[in-house]
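Q: With the sequence up front, the predicted model follows.
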Amino acid sequence: MSFSAIIFYILSAVILGSGLLAVTSRKIFRSAIYLLGSLVGIAGLYFWMEVEFIAAVQIVVYVGGIVVLIIFSIFLTQQSGLEMPRTPGGRNFAAVLASIFGCALASMLIYHHGFAATEVPFDSDVARIGTQMLNTGAGGYVLPFETVSMLLLAAMIGCIVIALRTSPEQK
Amino acid sequence: MSEIPLTHILLVSTALFFIGMYGLFTRRNLITMLMAIELMLNSVNINFVAFNKYLYPENLDGIFFTIFIITIAAAEAAIAIAIIIHLYRNHKSIDVEDADNLKF
């Protein structure tokens, strides 16, 4: 087994292990920190696949933005040291069963499909990404780019409007 | 690099997706449900990048889909947290079982 294969399996173990802890930990703050570990592991997987731009975006947006936002909202809305109530046994059992069956079905489909491997080297140069992103010709992504910028503007204004509204008692 | 087949990367992302689904089914706290959704979105992103790299290395479409999914996930998380904070001000709780004003 080569060095890069070992790195891949270590990264997979980090992603899956901390992901599992993030959804099962009963202290919400620990759960957020495990989510952080899983997201950093995914960024490492992108580095391993040599798509450095996506890895950087993953670290900046998820680790630097979303997880910090989640931790802020944990501190604003509840005592982070308290344990969350235990999931009822019946619902837990049903969820485990559904997840395992779904995972087994999807894994079986993937395993039996057999993907044709190509040997063309992958070039994810940032200059190439930028040129195609703002290209108006065939295969250009300028329309989704503009649409998503409008979406971000709408989301920003919506967040301000929702979070600034005073509660009924304060009126 | 080449000795890891695409199948193994897809198996990792499948497992991550169903871990997120398990979290979404069992948790009843809005913030932890949001975390489970983030895990599911990330597993989809891994799939897009892996398919782009291994099957269509001459195109870049998988990378663009990943970038747009990350953007939309950020907008979604921001909106969700604004709603959660507003809900907490009105109900003093962010448990989904307590938000039953529209139920009859």
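A: Nice, I can see it.
Q: does chain A sit close to the top helix by length along chain B?
A: Taking DSSP state H as the criterion, chain B has its longest helix at helix B:61-91. Yes - judged by C-beta under 8 Å from any C-beta of the partner chain, helix B:61-91 and chain A are in contact via B:63-64, B:66-68, B:70-79, B:81-86, B:88-90. (C-beta placed from N, C-alpha, C; glycine too.)
Q: any idea of the mean pLDDT in that helix?
A: Per-residue pLDDT over helix B:61-91 has a mean of 90.
Q: helices or strands up against that helix?
A: helix A:52-58, helix A:67-77, helix A:126-133, helix A:142-164, helix B:30-54 (3 or more C-beta pairs under 8 Å, 6 or more residues apart in numbering or on different chains; DSSP states H and E).
Q: One more pass at 6 Å, please.
A: Applying 3 or more C-beta pairs under 6 Å, 6 or more residues apart in numbering or on different chains; DSSP states H and E, one finds that helix B:61-91 contacts helix A:67-77, helix A:142-164, helix B:30-54.
Q: Of the residues of helix B:61-91 next to chain A, which count as buried by neighbour count?
A: The neighbour count (16 or more other C-beta atoms under 10 Å in any protein chain shown) marks B:63-64, B:66-68, B:70-71, B:73-79, B:81-86, B:88-89 as buried among those.
Q: which one of the helices and strands packed on helix B:61-91 has the most crowded surroundings?
A: helix B:30-54 (a mean of 22; mean count of other C-beta atoms under 10 Å in any protein chain shown).
Q: Next, the residues that contact that helix from outside, please.
A: Residues outside helix B:30-54 that contact it (C-beta atoms under 6 Å, 6 or more residues apart in numbering or on different chains) are A:19, A:23, A:31, A:35, A:42, A:49, A:51, A:122, B:6, B:9, B:13, B:16-17, B:20, B:23-24, B:27, B:62-63, B:65-66, B:69, B:73, B:80, B:84, B:94.
Q: What are the contacting residues of the top helix by length along chain A?
A: With residue count as the measure and DSSP H as the assignment, chain A has helix A:89-113 as its longest helix. Helix A:89-113 is contacted by residues B:T7, B:L10, B:L11, B:T14, B:F18, B:M21, B:Y22, B:F25, B:T26 when judged by C-beta under 6 Å, 6+ apart.
Q: Does the fourth one belong to a helix, a strand or coil?
A: Secondary structure, DSSP: H, G, I helix; E, B strand; the rest coil: B:T14 is helix.
Q: Can you name the residue of chain A nearest chain B?
A: Proximity of chain A to chain B (C-beta to the nearest C-beta) peaks at A:V23, 3.0 Å away.
Q: so which strand or helix has the residue lying closest to that residue once chain neighbours are set aside?
A: Using C-beta to C-beta, 6 or more residues apart in numbering or on different chains and skipping the chain neighbours, the partner closest in space to A:V23 is B:G23 (3.0 Å). Using DSSP states H and E, B:G23 falls within helix B:6-26.
Q: circling back to that earlier point, now the contacts of helix A:89-113: which count as buried?
A: B:T7, B:L10, B:L11, B:T14, B:F18, B:M21, B:Y22, B:F25, B:T26.
Q: quick check, stretch A:126-143 touching chain B?
A: Yes - contact of stretch A:126-143 with chain B (C-beta under 6 Å from any C-beta of the partner chain) involves A:Q132, A:Y141.
Q: so how far is that stretch from its chain's centroid?
A: 24 Å (C-alpha atoms, centre = their mean, to the nearest Å).
Q: which residues are contacting that stretch?
A: A:F53, B:L60, B:F64.
Q: likewise stretch A:159-166?
A: Counting by C-beta under 6 Å, 6+ apart, B:A78, B:I79, B:A82, B:I85, B:H86 sit against stretch A:159-166.
Q: ok, and the closest non-adjacent residue to the fourth one?
A: Nearest residue to B:I85 in three dimensions, chain neighbours excluded: A:A163, at 5.5 Å (C-beta to C-beta, 6+ apart).
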